[in-house]
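**Q** Please find the sequence and the predicted model below.
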Amino acid sequence: MRLIINKIFLALSVLSAIIGLSFLAWILITLFIKGLGSFHFNLFLNDLIDGGLRNLIIGQFILAGLAASIGIPLGMAAGIYIQEYGRGSFTSLIRNLSDIMMSAPSIVIGAFVYAVVVIPTGGTSGFAGAIALAIMMIPVVINTTDNMLSLVPRELREAGIALGASKYRVILDIVIKAAKVGIMTGILLAFARIIGETAPLLFTSETSNYFSLDLTESFPSLTVSIYDLANEPEESSRDLAWAASFILTVLVLVINLVGRFLTRTKG
Amino acid sequence: MAVMNLKKFSFTYPGVDYPSLRNITLPIEKNKITALIGPSGCGKSTLLRSMNRIHDIYPGNTYDGKIELLDSKSGTMKNILNIKKENEFITLRQQVGMIFQKPTPFPMSIFDNVAYGLKISGLKNKAELADRVEQALKDSALWKEVHERLNKSAMGLSGGQQQRLCIARAVAVKPEVLLFDEPTSALDPISTGAIEELLVTLKKDISIAIVTHNMQQASRISDYTAFMYLGDLVEYDKTENIFLNPKEKKTEDYITGRFG
(Lines give C-alpha, C1' and ligand atoms only; values in the text may rest on other atoms or scores of the structure.)
Protein backbone atom coordinates (compact mmCIF):
# COMPACT_ATOMS: atom_id res chain seq x y z
CA MET A 1 0.00 0.00 0.00
CA ARG A 2 2.69 2.43 1.00
CA LEU A 3 4.49 1.56 -2.18
CA ILE A 4 1.45 2.44 -4.27
CA ILE A 5 0.94 5.79 -2.52
CA ASN A 6 4.60 6.46 -3.06
CA LYS A 7 4.26 5.78 -6.78
CA ILE A 8 1.10 7.88 -7.14
CA PHE A 9 2.78 10.75 -5.36
CA LEU A 10 5.83 10.49 -7.58
CA ALA A 11 3.68 10.36 -10.71
CA LEU A 12 1.75 13.46 -9.59
CA SER A 13 4.92 15.40 -8.89
CA VAL A 14 6.39 14.48 -12.25
CA LEU A 15 3.13 15.41 -13.98
CA SER A 16 2.99 18.85 -12.34
CA ALA A 17 6.60 19.45 -13.20
CA ILE A 18 5.91 18.53 -16.82
CA ILE A 19 2.85 20.83 -16.98
CA GLY A 20 4.80 23.71 -15.51
CA LEU A 21 7.78 23.23 -17.75
CA SER A 22 5.69 22.67 -20.87
CA PHE A 23 4.22 26.17 -20.56
CA LEU A 24 7.71 27.59 -20.34
CA ALA A 25 8.74 25.52 -23.36
CA TRP A 26 5.62 26.64 -25.20
CA ILE A 27 6.41 30.30 -24.57
CA LEU A 28 10.01 29.86 -25.63
CA ILE A 29 9.13 27.85 -28.75
CA THR A 30 6.50 30.37 -29.88
CA LEU A 31 8.94 33.18 -29.26
CA PHE A 32 11.68 31.46 -31.17
CA ILE A 33 9.49 30.55 -34.15
CA LYS A 34 7.71 33.89 -34.44
CA GLY A 35 10.75 35.90 -33.36
CA LEU A 36 13.22 34.14 -35.61
CA GLY A 37 10.72 34.41 -38.48
CA SER A 38 10.89 38.19 -38.37
CA PHE A 39 14.45 38.43 -37.10
CA HIS A 40 16.92 40.12 -39.36
CA PHE A 41 20.39 41.43 -38.75
CA ASN A 42 19.32 44.84 -40.09
CA LEU A 43 17.18 45.22 -36.97
CA PHE A 44 20.40 46.06 -35.14
CA LEU A 45 21.37 48.71 -37.68
CA ASN A 46 18.17 50.71 -38.12
CA ASP A 47 16.14 52.73 -35.67
CA LEU A 48 12.45 52.08 -35.09
CA ILE A 49 11.48 54.89 -37.44
CA ASP A 50 13.21 52.93 -40.23
CA GLY A 51 11.74 49.59 -39.15
CA GLY A 52 14.66 48.53 -36.92
CA LEU A 53 15.27 48.16 -33.19
CA ARG A 54 18.71 49.72 -32.76
CA ASN A 55 17.61 52.81 -30.82
CA LEU A 56 15.34 50.71 -28.60
CA ILE A 57 18.00 48.18 -27.60
CA ILE A 58 20.55 50.90 -26.89
CA GLY A 59 17.92 52.93 -25.05
CA GLN A 60 16.87 50.00 -22.89
CA PHE A 61 20.49 49.36 -21.90
CA ILE A 62 21.04 53.02 -21.09
CA LEU A 63 17.90 53.10 -18.91
CA ALA A 64 18.81 49.88 -17.12
CA GLY A 65 22.47 50.92 -16.83
CA LEU A 66 21.57 54.27 -15.32
CA ALA A 67 19.10 52.57 -12.99
CA ALA A 68 21.82 50.13 -11.93
CA SER A 69 24.29 52.94 -11.29
CA ILE A 70 21.73 54.52 -8.95
CA GLY A 71 20.33 51.31 -7.48
CA ILE A 72 23.50 49.29 -6.86
CA PRO A 73 25.36 51.79 -4.64
CA LEU A 74 22.22 52.75 -2.71
CA GLY A 75 21.09 49.15 -2.32
CA MET A 76 24.52 47.90 -1.31
CA ALA A 77 25.02 50.71 1.17
CA ALA A 78 21.64 49.99 2.75
CA GLY A 79 22.32 46.24 2.78
CA ILE A 80 25.70 46.81 4.46
CA TYR A 81 24.05 49.09 6.99
CA ILE A 82 21.39 46.58 8.01
CA GLN A 83 23.73 43.62 8.19
CA GLU A 84 26.84 45.20 9.68
CA TYR A 85 25.82 48.30 11.62
CA GLY A 86 22.10 48.21 12.21
CA ARG A 87 20.61 47.06 15.48
CA GLY A 88 17.14 46.81 16.90
CA SER A 89 13.78 47.81 15.54
CA PHE A 90 14.92 50.43 13.03
CA THR A 91 16.94 47.81 11.19
CA SER A 92 14.15 45.28 11.07
CA LEU A 93 11.84 48.06 9.88
CA ILE A 94 14.13 48.78 6.91
CA ARG A 95 14.49 45.07 6.24
CA ASN A 96 10.73 44.53 6.25
CA LEU A 97 10.03 47.62 4.16
CA SER A 98 12.57 46.47 1.63
CA ASP A 99 10.96 43.03 1.49
CA ILE A 100 7.55 44.65 0.92
CA MET A 101 9.05 46.90 -1.77
CA MET A 102 10.36 43.83 -3.52
CA SER A 103 6.85 42.56 -4.03
CA ALA A 104 5.34 45.96 -4.89
CA PRO A 105 3.59 45.77 -8.28
CA SER A 106 5.82 47.42 -10.87
CA ILE A 107 2.95 49.43 -12.33
CA VAL A 108 2.49 51.05 -8.92
CA ILE A 109 6.14 52.07 -8.92
CA GLY A 110 5.62 53.48 -12.41
CA ALA A 111 2.60 55.45 -11.21
CA PHE A 112 4.53 56.68 -8.17
CA VAL A 113 7.38 58.01 -10.30
CA TYR A 114 4.83 59.54 -12.66
CA ALA A 115 3.39 61.46 -9.73
CA VAL A 116 6.64 62.58 -8.11
CA VAL A 117 8.94 63.02 -11.12
CA VAL A 118 7.06 63.17 -14.40
CA ILE A 119 4.35 65.66 -13.37
CA PRO A 120 6.68 68.10 -11.52
CA THR A 121 9.25 68.04 -14.36
CA GLY A 122 6.58 68.55 -16.96
CA GLY A 123 6.86 65.39 -19.02
CA THR A 124 8.16 61.88 -19.52
CA SER A 125 11.92 61.51 -19.58
CA GLY A 126 14.70 58.97 -19.60
CA PHE A 127 15.63 60.05 -16.09
CA ALA A 128 12.15 59.31 -14.79
CA GLY A 129 12.32 55.84 -16.38
CA ALA A 130 15.71 55.14 -14.88
CA ILE A 131 14.50 56.26 -11.46
CA ALA A 132 11.52 53.92 -11.67
CA LEU A 133 13.79 51.01 -12.62
CA ALA A 134 16.22 51.94 -9.84
CA ILE A 135 13.38 51.83 -7.32
CA MET A 136 12.59 48.34 -8.57
CA MET A 137 16.21 47.31 -8.22
CA ILE A 138 17.08 48.76 -4.82
CA PRO A 139 15.15 46.29 -2.62
CA VAL A 140 16.57 43.33 -4.55
CA VAL A 141 20.12 44.63 -4.08
CA ILE A 142 19.45 45.35 -0.39
CA ASN A 143 18.12 41.84 0.10
CA THR A 144 21.01 40.17 -1.75
CA THR A 145 23.67 42.22 0.02
CA ASP A 146 22.04 41.60 3.40
CA ASN A 147 21.75 37.85 2.82
CA MET A 148 25.19 37.34 1.32
CA LEU A 149 26.91 39.33 4.08
CA SER A 150 25.05 37.28 6.69
CA LEU A 151 26.69 34.15 5.26
CA VAL A 152 30.18 35.49 5.98
CA PRO A 153 31.33 33.74 9.17
CA ARG A 154 31.54 35.87 12.31
CA GLU A 155 35.09 34.62 12.91
CA LEU A 156 36.29 36.32 9.72
CA ARG A 157 35.12 39.71 10.99
CA GLU A 158 36.64 39.01 14.40
CA ALA A 159 39.94 37.99 12.80
CA GLY A 160 40.07 41.31 10.97
CA ILE A 161 39.29 43.28 14.13
CA ALA A 162 41.82 41.19 16.07
CA LEU A 163 44.52 42.28 13.62
CA GLY A 164 43.84 45.91 14.46
CA ALA A 165 41.64 46.78 11.51
CA SER A 166 38.80 49.20 12.10
CA LYS A 167 35.27 48.04 11.44
CA TYR A 168 34.83 49.79 8.10
CA ARG A 169 38.16 48.39 6.85
CA VAL A 170 37.09 44.90 7.83
CA ILE A 171 33.81 45.34 5.96
CA LEU A 172 35.41 46.82 2.84
CA ASP A 173 38.56 44.69 2.68
CA ILE A 174 37.37 41.35 3.98
CA VAL A 175 33.63 40.87 4.41
CA ILE A 176 32.55 42.26 1.04
CA LYS A 177 35.34 40.34 -0.69
CA ALA A 178 34.16 37.13 0.93
CA ALA A 179 30.59 37.80 -0.21
CA LYS A 180 31.58 39.21 -3.59
CA VAL A 181 30.42 36.37 -5.83
CA GLY A 182 27.02 36.12 -4.19
CA ILE A 183 26.43 39.86 -4.27
CA MET A 184 27.52 40.10 -7.91
CA THR A 185 25.21 37.26 -8.87
CA GLY A 186 22.29 38.90 -7.09
CA ILE A 187 22.98 42.22 -8.77
CA LEU A 188 23.17 40.57 -12.16
CA LEU A 189 19.85 38.82 -11.62
CA ALA A 190 18.33 42.11 -10.46
CA PHE A 191 19.67 43.72 -13.62
CA ALA A 192 18.19 40.94 -15.75
CA ARG A 193 14.90 41.61 -14.04
CA ILE A 194 14.76 45.36 -14.63
CA ILE A 195 15.98 45.18 -18.20
CA GLY A 196 12.82 43.27 -19.09
CA GLU A 197 10.40 45.57 -17.24
CA THR A 198 7.65 47.44 -19.09
CA ALA A 199 5.24 48.73 -16.48
CA PRO A 200 7.62 51.09 -14.62
CA LEU A 201 8.57 52.71 -17.96
CA LEU A 202 5.11 53.00 -19.42
CA PHE A 203 4.30 56.39 -17.88
CA THR A 204 7.84 57.50 -17.09
CA SER A 205 10.26 57.21 -20.00
CA GLU A 206 7.65 56.15 -22.55
CA THR A 207 9.48 55.32 -25.73
CA SER A 208 10.71 57.03 -28.85
CA ASN A 209 10.99 56.07 -32.49
CA TYR A 210 14.27 57.89 -32.84
CA PHE A 211 17.74 57.38 -31.57
CA SER A 212 18.28 59.58 -28.54
CA LEU A 213 20.79 60.17 -25.79
CA ASP A 214 18.81 63.02 -24.27
CA LEU A 215 17.56 61.73 -20.95
CA THR A 216 15.35 64.77 -20.36
CA GLU A 217 12.99 63.72 -23.16
CA SER A 218 10.93 60.61 -23.84
CA PHE A 219 13.47 57.86 -24.21
CA PRO A 220 13.56 54.83 -26.56
CA SER A 221 12.66 51.66 -24.69
CA LEU A 222 12.48 48.17 -26.12
CA THR A 223 9.83 46.89 -23.73
CA VAL A 224 7.47 49.84 -24.07
CA SER A 225 7.83 49.68 -27.84
CA ILE A 226 6.96 45.98 -27.79
CA TYR A 227 3.78 46.95 -25.96
CA ASP A 228 3.03 49.70 -28.51
CA LEU A 229 3.92 47.61 -31.56
CA ALA A 230 1.79 44.69 -30.41
CA ASN A 231 -1.20 47.04 -30.31
CA GLU A 232 -0.69 48.27 -33.86
CA PRO A 233 -3.03 46.93 -36.54
CA GLU A 234 -0.35 46.25 -39.16
CA GLU A 235 1.11 42.78 -39.50
CA SER A 236 4.61 44.25 -39.95
CA SER A 237 4.47 46.03 -36.58
CA ARG A 238 3.46 42.85 -34.80
CA ASP A 239 6.25 40.94 -36.53
CA LEU A 240 8.66 43.57 -35.26
CA ALA A 241 7.21 43.14 -31.76
CA TRP A 242 7.90 39.41 -31.98
CA ALA A 243 11.45 40.01 -33.08
CA ALA A 244 11.93 42.52 -30.26
CA SER A 245 10.51 40.06 -27.72
CA PHE A 246 12.83 37.41 -29.01
CA ILE A 247 15.88 39.65 -28.67
CA LEU A 248 14.81 40.75 -25.19
CA THR A 249 14.29 37.17 -24.05
CA VAL A 250 17.69 36.12 -25.33
CA LEU A 251 19.28 39.09 -23.54
CA VAL A 252 17.60 38.27 -20.24
CA LEU A 253 18.44 34.60 -20.65
CA VAL A 254 22.11 35.35 -21.28
CA ILE A 255 22.35 37.64 -18.25
CA ASN A 256 20.67 34.98 -16.12
CA LEU A 257 23.00 32.29 -17.39
CA VAL A 258 26.03 34.44 -16.64
CA GLY A 259 24.65 34.93 -13.14
CA ARG A 260 24.20 31.21 -12.66
CA PHE A 261 27.62 30.48 -14.08
CA LEU A 262 29.15 32.90 -11.58
CA THR A 263 27.42 31.12 -8.70
CA ARG A 264 28.66 27.76 -9.82
CA THR A 265 32.28 28.80 -10.19
CA LYS A 266 32.22 30.31 -6.72
CA GLY A 267 35.52 30.58 -4.91
CA MET B 1 58.04 38.83 34.66
CA ALA B 2 54.43 39.23 33.65
CA VAL B 3 53.48 40.81 30.33
CA MET B 4 49.83 40.88 31.36
CA ASN B 5 48.28 40.97 34.80
CA LEU B 6 44.63 40.28 35.47
CA LYS B 7 43.56 41.67 38.82
CA LYS B 8 40.20 40.76 40.33
CA PHE B 9 38.80 40.70 36.85
CA SER B 10 35.07 40.09 36.43
CA PHE B 11 33.06 40.01 33.24
CA THR B 12 29.33 40.11 32.56
CA TYR B 13 27.67 39.61 29.19
CA PRO B 14 24.87 42.02 28.23
CA GLY B 15 21.42 40.92 29.33
CA VAL B 16 22.78 38.48 31.92
CA ASP B 17 22.45 39.37 35.60
CA TYR B 18 25.35 37.29 36.91
CA PRO B 19 29.02 37.56 35.92
CA SER B 20 30.48 34.91 33.60
CA LEU B 21 33.91 35.48 35.15
CA ARG B 22 34.47 36.29 38.83
CA ASN B 23 37.50 37.85 40.47
CA ILE B 24 40.13 36.36 38.22
CA THR B 25 43.66 37.21 39.27
CA LEU B 26 46.22 35.77 36.93
CA PRO B 27 49.54 36.74 35.33
CA ILE B 28 50.51 35.99 31.74
CA GLU B 29 54.26 35.49 32.02
CA LYS B 30 56.58 36.98 29.44
CA ASN B 31 57.95 34.54 26.84
CA LYS B 32 56.05 31.65 28.38
CA ILE B 33 53.03 29.67 27.33
CA THR B 34 50.08 29.89 29.69
CA ALA B 35 47.33 27.32 29.14
CA LEU B 36 43.73 27.95 30.19
CA ILE B 37 41.94 24.66 30.81
CA GLY B 38 38.56 23.68 32.16
CA PRO B 39 35.26 22.10 31.12
CA SER B 40 33.05 23.68 28.45
CA GLY B 41 31.32 26.81 29.65
CA CYS B 42 33.86 27.51 32.40
CA GLY B 43 34.67 30.91 30.88
CA LYS B 44 38.16 30.26 29.50
CA SER B 45 37.32 31.60 26.02
CA THR B 46 35.47 34.54 27.57
CA LEU B 47 38.60 35.30 29.56
CA LEU B 48 40.85 35.04 26.52
CA ARG B 49 38.54 37.28 24.50
CA SER B 50 38.75 39.92 27.25
CA MET B 51 42.50 40.19 26.88
CA ASN B 52 42.27 41.95 23.50
CA ARG B 53 38.79 43.37 24.19
CA ILE B 54 37.42 41.58 21.11
CA HIS B 55 34.20 41.30 23.12
CA ASP B 56 33.68 44.96 22.39
CA ILE B 57 32.58 44.22 18.83
CA TYR B 58 29.30 43.29 20.48
CA PRO B 59 28.50 46.17 22.83
CA GLY B 60 27.00 46.08 26.30
CA ASN B 61 29.54 44.02 28.26
CA THR B 62 30.50 44.94 31.80
CA TYR B 63 34.13 44.72 32.89
CA ASP B 64 35.32 44.91 36.46
CA GLY B 65 38.78 44.89 37.99
CA LYS B 66 41.89 45.36 35.90
CA ILE B 67 43.71 43.80 32.97
CA GLU B 68 47.15 45.35 32.77
CA LEU B 69 49.36 45.09 29.72
CA LEU B 70 53.08 45.80 29.75
CA ASP B 71 53.99 48.68 27.49
CA SER B 72 57.38 47.55 26.25
CA LYS B 73 58.49 51.07 25.32
CA SER B 74 57.83 52.76 28.65
CA GLY B 75 58.10 49.59 30.76
CA THR B 76 54.90 50.45 32.60
CA MET B 77 51.69 48.48 32.99
CA LYS B 78 48.54 49.97 31.47
CA ASN B 79 44.98 48.93 32.24
CA ILE B 80 43.40 47.94 28.92
CA LEU B 81 39.91 48.10 30.41
CA ASN B 82 40.19 51.90 30.31
CA ILE B 83 40.46 51.92 26.53
CA LYS B 84 37.66 53.78 24.83
CA LYS B 85 39.01 55.33 21.66
CA GLU B 86 39.13 53.50 18.31
CA ASN B 87 42.83 54.19 17.76
CA GLU B 88 43.70 52.82 21.22
CA PHE B 89 41.79 49.64 20.40
CA ILE B 90 43.80 49.32 17.19
CA THR B 91 47.06 49.69 19.12
CA LEU B 92 45.89 47.15 21.70
CA ARG B 93 45.07 44.60 19.02
CA GLN B 94 48.40 45.11 17.35
CA GLN B 95 50.05 44.36 20.69
CA VAL B 96 47.75 41.44 21.55
CA GLY B 97 46.96 39.25 18.55
CA MET B 98 44.49 36.41 18.36
CA ILE B 99 44.16 33.05 16.59
CA PHE B 100 40.76 31.40 16.39
CA GLN B 101 39.49 27.85 16.54
CA LYS B 102 38.55 27.70 12.87
CA PRO B 103 41.24 28.96 10.49
CA THR B 104 40.18 32.38 9.20
CA PRO B 105 42.14 33.10 6.02
CA PHE B 106 40.93 36.28 4.33
CA PRO B 107 39.63 35.90 0.77
CA MET B 108 42.83 37.22 -0.80
CA SER B 109 46.27 35.94 -1.76
CA ILE B 110 48.65 34.30 0.72
CA PHE B 111 50.93 37.33 0.52
CA ASP B 112 48.10 39.82 1.06
CA ASN B 113 46.86 37.83 4.04
CA VAL B 114 50.18 38.14 5.83
CA ALA B 115 50.68 41.73 4.68
CA TYR B 116 47.19 42.83 5.78
CA GLY B 117 48.01 43.77 9.35
CA LEU B 118 51.16 45.57 8.22
CA LYS B 119 49.35 47.51 5.52
CA ILE B 120 46.61 48.74 7.82
CA SER B 121 49.21 49.88 10.31
CA GLY B 122 50.61 52.09 7.58
CA LEU B 123 53.57 50.15 6.16
CA LYS B 124 53.72 50.99 2.45
CA ASN B 125 57.31 50.30 1.38
CA LYS B 126 57.04 47.28 -0.96
CA ALA B 127 60.49 45.85 -0.24
CA GLU B 128 59.99 46.07 3.50
CA LEU B 129 56.53 44.51 3.21
CA ALA B 130 57.97 41.61 1.24
CA ASP B 131 60.71 41.13 3.85
CA ARG B 132 58.28 41.17 6.76
CA VAL B 133 55.92 38.76 5.01
CA GLU B 134 58.77 36.36 4.24
CA GLN B 135 60.04 36.54 7.82
CA ALA B 136 56.56 35.95 9.28
CA LEU B 137 56.01 32.96 7.01
CA LYS B 138 59.42 31.56 7.99
CA ASP B 139 58.67 32.12 11.65
CA SER B 140 55.42 30.23 11.18
CA ALA B 141 57.09 27.29 9.40
CA LEU B 142 55.04 27.88 6.28
CA TRP B 143 57.54 29.54 3.95
CA LYS B 144 58.83 26.33 2.37
CA GLU B 145 55.32 25.19 1.51
CA VAL B 146 54.02 28.44 0.05
CA HIS B 147 56.94 30.53 -1.24
CA GLU B 148 56.25 29.57 -4.82
CA ARG B 149 52.58 30.48 -4.68
CA LEU B 150 52.42 33.63 -2.60
CA ASN B 151 50.06 35.23 -5.09
CA LYS B 152 47.62 32.32 -5.08
CA SER B 153 44.45 32.47 -3.01
CA ALA B 154 44.84 31.50 0.63
CA MET B 155 41.59 29.55 0.38
CA GLY B 156 43.44 26.83 -1.54
CA LEU B 157 45.61 25.88 1.47
CA SER B 158 44.87 22.90 3.71
CA GLY B 159 43.28 23.50 7.11
CA GLY B 160 46.60 23.15 8.94
CA GLN B 161 48.34 25.46 6.48
CA GLN B 162 45.53 27.99 6.79
CA GLN B 163 45.93 27.99 10.55
CA ARG B 164 49.70 28.53 10.25
CA LEU B 165 48.94 31.33 7.77
CA CYS B 166 46.72 32.96 10.40
CA ILE B 167 49.59 32.64 12.86
CA ALA B 168 51.97 34.20 10.32
CA ARG B 169 49.48 37.02 9.79
CA ALA B 170 49.35 37.67 13.52
CA VAL B 171 53.13 37.31 13.98
CA ALA B 172 53.85 39.74 11.13
CA VAL B 173 52.73 42.77 13.15
CA LYS B 174 55.12 41.75 15.96
CA PRO B 175 52.67 41.51 18.86
CA GLU B 176 53.74 41.24 22.50
CA VAL B 177 51.12 38.62 23.25
CA LEU B 178 49.29 36.07 21.11
CA LEU B 179 45.99 34.61 22.28
CA PHE B 180 45.08 31.18 20.90
CA ASP B 181 41.45 30.07 21.21
CA GLU B 182 41.56 26.27 20.77
CA PRO B 183 43.76 26.65 17.69
CA THR B 184 44.04 22.95 16.90
CA SER B 185 40.60 21.58 17.71
CA ALA B 186 39.59 21.71 14.03
CA LEU B 187 42.81 20.10 12.81
CA ASP B 188 44.19 16.58 12.28
CA PRO B 189 46.94 15.20 14.58
CA ILE B 190 49.80 15.97 12.18
CA SER B 191 48.75 19.60 11.69
CA THR B 192 48.19 19.82 15.43
CA GLY B 193 51.74 18.61 16.07
CA ALA B 194 53.12 21.19 13.64
CA ILE B 195 51.26 24.00 15.41
CA GLU B 196 52.32 22.85 18.88
CA GLU B 197 55.95 22.83 17.75
CA LEU B 198 55.45 26.27 16.28
CA LEU B 199 54.05 27.66 19.53
CA VAL B 200 57.07 26.44 21.44
CA THR B 201 59.44 28.19 18.99
CA LEU B 202 57.33 31.36 18.93
CA LYS B 203 57.53 31.91 22.67
CA LYS B 204 61.09 33.18 22.51
CA ASP B 205 59.68 36.38 20.99
CA ILE B 206 56.05 36.36 21.98
CA SER B 207 54.16 35.59 25.17
CA ILE B 208 51.34 33.13 24.60
CA ALA B 209 48.00 32.36 26.24
CA ILE B 210 46.18 29.34 24.88
CA VAL B 211 42.71 27.98 25.58
CA THR B 212 42.62 24.25 25.06
CA HIS B 213 40.26 21.35 25.67
CA ASN B 214 43.11 18.97 25.20
CA MET B 215 44.90 18.39 28.51
CA GLN B 216 47.75 16.50 26.86
CA GLN B 217 48.30 19.55 24.71
CA ALA B 218 48.40 21.79 27.79
CA SER B 219 50.88 19.51 29.54
CA ARG B 220 53.05 19.14 26.41
CA ILE B 221 53.53 22.78 25.53
CA SER B 222 52.61 25.10 28.37
CA ASP B 223 54.81 26.46 31.15
CA TYR B 224 51.91 27.63 33.33
CA THR B 225 48.39 26.31 33.56
CA ALA B 226 45.24 27.92 34.88
CA PHE B 227 42.29 25.66 35.68
CA MET B 228 38.93 27.34 35.52
CA TYR B 229 35.53 26.13 36.61
CA LEU B 230 32.15 27.88 36.29
CA GLY B 231 33.64 31.34 35.92
CA ASP B 232 36.17 31.00 38.74
CA LEU B 233 39.90 30.51 38.55
CA VAL B 234 40.35 27.39 40.68
CA GLU B 235 44.07 26.99 40.48
CA TYR B 236 47.05 28.55 38.72
CA ASP B 237 50.55 27.18 38.90
CA LYS B 238 53.48 25.83 36.92
CA THR B 239 52.14 23.23 34.52
CA GLU B 240 54.00 20.33 36.12
CA ASN B 241 52.55 21.20 39.52
CA ILE B 242 49.01 21.37 38.14
CA PHE B 243 49.32 18.00 36.44
CA LEU B 244 51.48 16.12 38.96
CA ASN B 245 50.67 17.79 42.20
CA PRO B 246 47.44 19.81 42.14
CA LYS B 247 46.50 21.56 45.35
CA GLU B 248 42.77 21.69 44.72
CA LYS B 249 40.51 18.63 44.68
CA LYS B 250 38.56 20.06 41.69
CA THR B 251 41.72 20.36 39.62
CA GLU B 252 42.73 16.82 40.40
CA ASP B 253 39.27 15.52 39.52
CA TYR B 254 39.34 17.34 36.21
CA ILE B 255 42.82 16.37 35.07
CA THR B 256 42.29 12.76 36.04
CA GLY B 257 39.13 12.79 33.92
CA ARG B 258 36.63 12.33 36.72
CA PHE B 259 34.46 15.09 35.22
CA GLY B 260 34.53 17.52 32.34
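**A** Arrived safely, thanks for sending. Residues are numbered from 1 along each chain as shown, chains lettered A, B, ... in the order given.

**Q** May I see the buried residues of the helix or strand containing residue A:245?
**A** Element membership for residue A:245, per DSSP states H and E: helix A:235-264. Neighbour-count burial for helix A:235-264, with 16 or more other CB atoms under 10 Å in any protein chain shown as criterion, is recorded at A:237-249, A:251, A:255, A:259, A:262. For every residue, glycine as well, the C-beta is placed using N, CA and C.

**Q** what's it packed up against?
**A** Helices and strands touching helix A:235-264, by 3 or more CB pairs under 8 Å, 6 or more residues apart in numbering or on different chains; DSSP states H and E, are helix A:2-38, helix A:54-80, helix A:180-195, helix A:222-230.

**Q** In TSV: those, plus mean neighbour count, mean pLDDT and distance to chain B.
**A** Formatted as TSV, these follow (neighbours: other CB atoms under 10 Å in any protein chain shown; pLDDT from 0 to 100; distance: least, CB to the nearest CB, whole Å):
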stretch	mean neighbour count	mean pLDDT	distance to chain B
helix A:2-38	11	92	36
helix A:54-80	21	96	16
helix A:180-195	20	92	8
helix A:222-230	22	94	38
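
**Q** For those helices, give me CSV that also has distance to residue B:233.
**A** What follows is the helices and strands packed on helix A:235-264, written out as CSV (distance: least, CB to CB, whole Å):
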stretch, distance to residue B:233
helix A:2-38, 60
helix A:54-80, 41
helix A:180-195, 44
helix A:222-230, 70
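
**Q** Could you point out which of those helices sits nearest residue A:107?
**A** helix A:222-230 (12.0 Å; CB to CB).

**Q** follow-up on the earlier one: where's the helix holding residue A:245 relative to the chain centroid, distance-wise?
**A** Taking CA atoms, centre = their mean, to the nearest Å, one finds helix A:235-264 lying 13 Å from the centre of the chain it belongs to.

**Q** avg pLDDT for that helix?
**A** The average pLDDT within helix A:235-264 is 90.

**Q** Repeat that for stretch A:129-138.
**A** 96.

**Q** Would you enumerate the residues in contact with the residue most central in space within chain A?
**A** In chain A, the residue lying closest to the centroid (CA atoms, centre = their mean) is residue A:193, at 2.2 Å. Residue A:193 makes contacts with A:136-137, A:140, as judged by CB atoms under 8 Å, 6 or more residues apart in numbering or on different chains.

**Q** Closest to chain B out of those residues?
**A** Set against chain B, the nearest of the contacts of residue A:193 by CB to the nearest CB is residue A:140 (23.7 Å).

**Q** How many residues are close by that closest one?
**A** Number of residues near residue A:140 (other CB atoms under 10 Å in any protein chain shown) recorded here: 21.

**Q** That one contacts residue A:183, doesn't it?
**A** No: under the criterion of CB atoms under 8 Å, residue A:140 makes no contact with residue A:183, lying 11.3 Å away.

**Q** Mutual contacts of the two, please.
**A** Counting by CB under 8 Å, 6+ apart, residue A:140 and residue A:183 have no shared contacts at all.

**Q** Out of the helices and strands packed on helix A:235-264, which gets nearest to residue B:183?
**A** Closest approach to residue B:183 among those (CB to CB): helix A:180-195, 27.7 Å.

**Q** Which SSE is immediately downstream of the closest one?
**A** Following helix A:180-195 toward the C-terminus (DSSP H and E): helix A:199-202.

**Q** So which bits of that following helix are buried?
**A** The neighbour-count check on helix A:199-202 (16+ other CB under 10 Å) flags A:199-202 as buried.

**Q** average pLDDT across it?
**A** This predicted structure assigns helix A:199-202 an average pLDDT of 95.

**Q** same thing with stretch B:137-151?
**A** Here stretch B:137-151 scores 93 as its mean pLDDT.

**Q** How about stretch B:167-184?
**A** Confidence for stretch B:167-184, expressed as mean pLDDT, is 95.

**Q** Is it positioned near chain A?
**A** Yes: using CB under 8 Å from any CB of the partner chain, stretch B:167-184 reaches chain A at B:169-170, B:173.
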